[in-house]
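S.K.: Sequence first, predicted coordinates after that:
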Amino acid sequence: MPGVIAPGLSRWYSFLPLVVVALVVWRRHGTRPALALLAGGWVIAFSAEWASTAGYGVPFGVYHYRLAGLARDWLVAGIPVFDSLSFTWLAYSTYTVLGGIGARGPRRLVLGALMMVGLDLVVDPVALRGAHWFLGSIYSYPRGAGAWFGVTWLNYVGWFVVGLALQLWLRLCLGETRPSRSLGLWVGALLIVLVYLQSALLALLLGVGPAALAALAVLLLSAGLARWPKPQIPDRPPRALLVACALGSEARAVRAAIPARWERNRTAEMVRWTTVDARVEVWETGMGQAAARAAAAQVAPGSPVLVAGVAGACAPGWEPGSVGVARSVLTPDGVWVAADPDRTIRLVAAGAGRECRLGSVEEIADGLEARAALASAGVDLVEMETAAWLGRGCAVVALRVVLDTPGRPLGPAGSLLRMGGRGPAADLALKLLASHPGAIPSLIEVGSRQRVALRALRRSAGLAVGLLSEVAGPQPTVDPASSAVGR
């Protein structure tokens, strides 16, 4: 067993950064993007190294790994695992850092590849001299020394091509993330700095100091191009129409009602969707007041917000699929707060829904007693997010579609949702079905009602967005002073 795990320990400087990056991606983006990033990144890097070392010379040029220097390493088809895995976390580091300092779209991909080339300007000359430090003599060129401190220029062409492919894969897996002040940004920056400092120090000791200077120049050039030209800041606070949905299913219904192309940006707190003309944003904030407050903190006070989603009925006359537009909201503190009166009147007059009094609570109120208590306080419909947006001072309109009633409660389906979640949790579903297999008919019945409610939400939200976005204007919503996401 010690011999099996020894390569992972001896090459900790390659495997440990990969583990850290995997955890950061998993925390912010979820399990599937993390696994896809790791698997796809390794396949891209391994394929490029195999094609080069197998004699084809594409894309790095022909070189060979020295098996004698890799006797204690994990190898796949003669390629050391630690080396091919390093490409992924290097690509992630450059992708997040460039995104954090302002690069977007194709420029971010190209500069990410250029920054990887810049790092390799010093990394490969040092690695070629691995016999003089703890790396070991692990590779060589069959035709002798290359022009750049023993490394061939074709190697750097290959690094740019592979780096560009990895940046594109990151874009597909993670989206156009904007990691300002995020953990991923700091991790990426720290890894780049550590790789450069270690390689630069070794370069000085091994007599190839100019390679460290050239690498630093390319890194600084890439960072400078990422910030140029500087983005134009509007004269007045920007205000797009923000549609706030707690659940992913609600956000999908809203987006389906808006004929537009969408850009996706996922953060640790939420998923944000923005139309390409920046007129409308749809946020999946997660369920509950705490999640809504965290999202509302990123919005400029006074911004127009449409809170849209499902709700539970408390008063008679509200059946599944009925649509309510909140005239006033009862906060968890027991205070009635008026929603934006002008926009509320416009939506009711246009037929988006009928006027209602909305209760915004901290915990799921699914029992008969809880609903009766809310009804006695004058509440027609109950949900769990609108009060947080009103507390931010936004121009709030709330559109809610009835999913359940006192006579037709959520039942076991309510236990599948956890605070802050954007949909049913798989572990809660398995736990429920294992302990209560008889809950399946109830879940199916609630699912049928949910489809009815989401169809109604799609119709009403489409009408509401059409009316409200005309007032909001084609500008983004995020408050630069308070946003953890950035521009």
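M.R.: Yes, it's here.
S.K.: Val382 should be in a helix, yeah?
M.R.: No. Val382: not assigned to a helix; according to DSSP: H, G, I helix; E, B strand; the rest coil it is strand.
S.K.: Pop out the phi and psi values for Cys245.
M.R.: Main-chain dihedrals, Cys245, degrees, to the nearest 10: phi -120, psi 140.
S.K.: right, and it touches Arg255 too?
M.R.: No. Look at Cys245 against Arg255 with C-beta atoms under 8 Å: they stay out of range, at 9.3 Å. (C-beta placed from N, C-alpha, C; glycine too.)
S.K.: For the longest helix along the chain, buried residues please.
M.R.: With secondary structure taken from DSSP state H, the chain has its longest helix at helix 440-472. Neighbour counts over helix 440-472 (16 or more other C-beta atoms under 10 Å) mark 443, 446, 449-450, 453-454, 456-465, 467-469, 472 as buried.
S.K.: which ones are touching the spatially closest residue to Thr331 that is not a sequence neighbour?
M.R.: The shortest distance from Thr331 to any non-neighbouring residue, by C-beta to C-beta, 6 or more residues apart in numbering, is to Ala387 (4.2 Å). By C-beta atoms under 8 Å, 6 or more residues apart in numbering, the contact set of Ala387 is Gln289, Ala292, Val329, Thr331, Pro332, Val337, Ser360.
S.K.: Out of these, flag the one nearest to Gln198.
M.R.: Distances from Gln198 to those, taken as C-beta to C-beta, are shortest for Ala292 (44.5 Å).
S.K.: any idea how far that closest one lies from Gly57?
M.R.: Distance of Ala292 to Gly57, computed by C-beta to C-beta, to the nearest Å: 56 Å.
S.K.: Please apply the same query to Ser10.
M.R.: Distance of Ser10 to Gly57, computed by C-beta to C-beta: 30 Å.
S.K.: Do you have the helices of the stretch 101-250 of the chain handy? List them.
M.R.: Assigned by DSSP state H, counting those that start in this stretch, the helices in the stretch 101-250 of the chain fall at 105-128, 153-174, 183-206, 209-226, 248-256.
S.K.: can you put these in JSON lines and add mean pLDDT, mean neighbour count and distance to Pro301?
M.R.: JSON lines is the format used below for the helices of the stretch 101-250 of the chain (pLDDT from 0 to 100; neighbours: other C-beta atoms under 10 Å; distance: least, C-beta to C-beta, whole Å):
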{"stretch": "helix 105-128", "mean pLDDT": "94", "mean neighbour count": "23", "distance to Pro301": "31"}
{"stretch": "helix 153-174", "mean pLDDT": "94", "mean neighbour count": "20", "distance to Pro301": "31"}
{"stretch": "helix 183-206", "mean pLDDT": "93", "mean neighbour count": "18", "distance to Pro301": "26"}
{"stretch": "helix 209-226", "mean pLDDT": "93", "mean neighbour count": "18", "distance to Pro301": "31"}
{"stretch": "helix 248-256", "mean pLDDT": "93", "mean neighbour count": "21", "distance to Pro301": "23"}
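S.K.: So which of these is nearest Val401?
M.R.: helix 248-256 (8.9 Å).
S.K.: Need the contact partners of that closest one.
M.R.: Against helix 248-256 from outside (C-beta under 8 Å, 6+ apart): 243, 245, 262, 271, 273, 282-284, 308-310, 422-423, 450, 454-455, 457-458, 461, 465.
S.K.: Please parse the chain into its domains.
M.R.: Using automatic domain parsing, the domain parsing of the chain gives 2-226, 241-472.
S.K.: Quick one: distance of the shortest one to the chain centre.
M.R.: To tie it back to what came earlier, the one meant is domain 2-226. Domain 2-226 sits 23 Å away from the centroid of its parent chain (C-alpha atoms, centre = their mean, to the nearest Å).
S.K.: just stretch 324-336 next, same as before
M.R.: For stretch 324-336, the distance to the chain centre is 32 Å (C-alpha atoms, centre = their mean).
S.K.: can I get the CA coordinates of that stretch in CSV?
M.R.: Extracted C-alpha coordinates of stretch 324-336, given in CSV (Å, rounded to 0.1, in the frame of the first residue of the first chain):
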residue,chain,number,x,y,z
GLY,A,324,-51.9,36.6,-7.1
VAL,A,325,-50.2,40.0,-7.3
ALA,A,326,-49.3,41.3,-3.9
ARG,A,327,-50.8,44.6,-2.8
SER,A,328,-49.1,44.3,0.6
VAL,A,329,-46.8,41.9,2.4
LEU,A,330,-46.8,40.7,6.0
THR,A,331,-43.2,40.4,7.1
PRO,A,332,-41.9,37.8,9.6
ASP,A,333,-41.9,40.6,12.2
GLY,A,334,-45.7,40.9,11.8
VAL,A,335,-45.6,44.3,9.9
TRP,A,336,-47.6,44.9,6.8
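S.K.: Residues in contact with that stretch: which ones?
M.R.: Contacts for stretch 324-336 (C-beta under 8 Å, 6+ apart): 289, 311, 318, 337-339, 344, 347-348, 352-362, 374, 377-381, 386-387, 390-391, 396-402.
S.K.: try 7 Å this time
M.R.: Identification of contacts with stretch 324-336 by C-beta atoms under 7 Å, 6 or more residues apart in numbering yields 289, 337-339, 344, 347-348, 352-362, 377, 379-381, 386-387, 390, 397-400.
S.K.: Could you check how far Pro259 is from Gly112?
M.R.: Pro259 is 33 Å from Gly112, by C-beta to C-beta.
S.K.: Show me what stretch 64-84 is in contact with.
M.R.: 6-7, 10-11, 14-15, 42, 45-46, 49-50, 53, 136-140, 142.
S.K.: And that stretch, what's buried?
M.R.: For stretch 64-84, by 16+ other C-beta under 10 Å, it's Tyr65, Gly69, Leu70, Asp73, Trp74, Ile79, Pro80, Val81, Phe82, Asp83, Ser84.
S.K.: and those, which of them are in strands?
M.R.: Tyr65, Ile79, Pro80 (DSSP state E).
S.K.: Between those, which sits nearest Gly158?
M.R.: Ile79 (14.3 Å).
S.K.: tally of neighbours for the nearest residue to the closest one once chain neighbours are set aside?
M.R.: Of all residues not flanking Ile79 in the chain, Glu49 sits nearest, at 4.9 Å (C-beta to C-beta, 6+ apart). A count of nearby residues for Glu49, using other C-beta atoms under 10 Å, gives 25.
S.K.: Quickly note the distance from Ala295 to Thr285.
M.R.: Where Thr285 is concerned, Ala295 sits at a distance of 4 Å (C-beta to C-beta).
S.K.: out of those two, which sits in the busier spot?
M.R.: More neighbours surround Thr285 than the other of Ala295 and Thr285, with 29 against 25 (other C-beta under 10 Å).
S.K.: Ala291 is in contact with the more buried one, correct?
M.R.: Yes. Counting by C-beta atoms under 7 Å, Ala291 is a contact partner of Thr285 at 5.1 Å.
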